[in-house]
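Enquirer: Build the 3D model from these lines:
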Amino acid sequence: MVGDSSPRTPDLIVTVISKLLTELVARNDQLPLVPNQVTPFHSSKPPTISVKSYLEDRILKYAGCSEETFILALIYMDQVVQFNPDFVISSLNVHRLLITSVMLASKFFDDVYYNNAYYARVGGISNAEVNSLEMEMLRMISFSLFVQPDQYERYRGSLYSHLTPRQDGAVPGVPCQPSVGGFTAAASEPMVM
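Expert: Predicted coordinates:
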């Protein structure tokens, strides 16, 4: 992707994504569930594992994905919402959305990735279900896995803007960007989620 080419671990981004999704789910769980909004991603009750544990202790730990994969996965989740206005990310669907979007992003971006059966085990669902969810998500985003570099950079910048700066003012994991006309080159467009 666009940006610096230094290798980064996805830990910081995954922590931010888990925090943002946890907050989003808490807000959206206050909304009533309308029967026509139920999709194959919905479970009958929320899983007992938190979004944070699911993302950090399962997916991050066992899927071996790059930072770029996690950012793409978030973009795909956002596209599900953008392309399907009645769809609301909640505690009933966020876990299945996460494992499916990470699997798709890894297949699309990473040179080495696991098969669907492995992602199913990591995600705690059956292989048949992960196969079905993969096709459902692809349909929901119109099979559009390619992300424009400027869109990717907006999401990446937005995620990094949620990190707490160190005392010296630098944000951990973010390379210093040159100043252009007195302003640093940073993304300012917020995520739709």
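Enquirer: What sits closest to the residue nearest the centre of the chain if chain neighbours are left out?
Expert: With distances taken as CA atoms, centre = their mean, residue 74 lies nearest the centre of the chain, 2.5 Å away. Leaving aside its chain neighbours, residue 74 sits nearest to residue 17 (5.6 Å; criterion: CB to CB, 6 or more residues apart in numbering). In short, each C-beta sits where N, CA and C put it, glycine included.
Enquirer: can you tell me the helix or strand for that neighbour?
Expert: Using DSSP states H and E, residue 17 sits within helix 11-28.
Enquirer: so what does that helix touch, helix or strand wise?
Expert: Other elements packing on helix 11-28 under the criterion 3 or more CB pairs under 8 Å, 6 or more residues apart in numbering; DSSP states H and E are helix 51-53, helix 67-83, helix 94-109, helix 149-161.
Enquirer: looking at those, which is buried most?
Expert: Scoring the helices and strands packed on helix 11-28 by mean neighbour count under mean count of other CB atoms under 10 Å gives helix 94-109 as the most buried, with a mean of 24.
Enquirer: what's the following helix or strand after that one?
Expert: Taking DSSP H and E, what comes next after helix 94-109 is helix 116-123.
Enquirer: low-scoring pLDDT stretches of the protein, where are they?
Expert: For the chain, the stretches with pLDDT under 70 are 1-8, 164-193.
Enquirer: Tell me how far residue 129 lies from residue 96.
Expert: As judged by CB to CB, to the nearest Å, residue 129 and residue 96 stand 8 Å apart.
Enquirer: Please apply the same query to residue 158.
Expert: Residue 158 sits at a distance of 24 Å from residue 96 (criterion: CB to CB).
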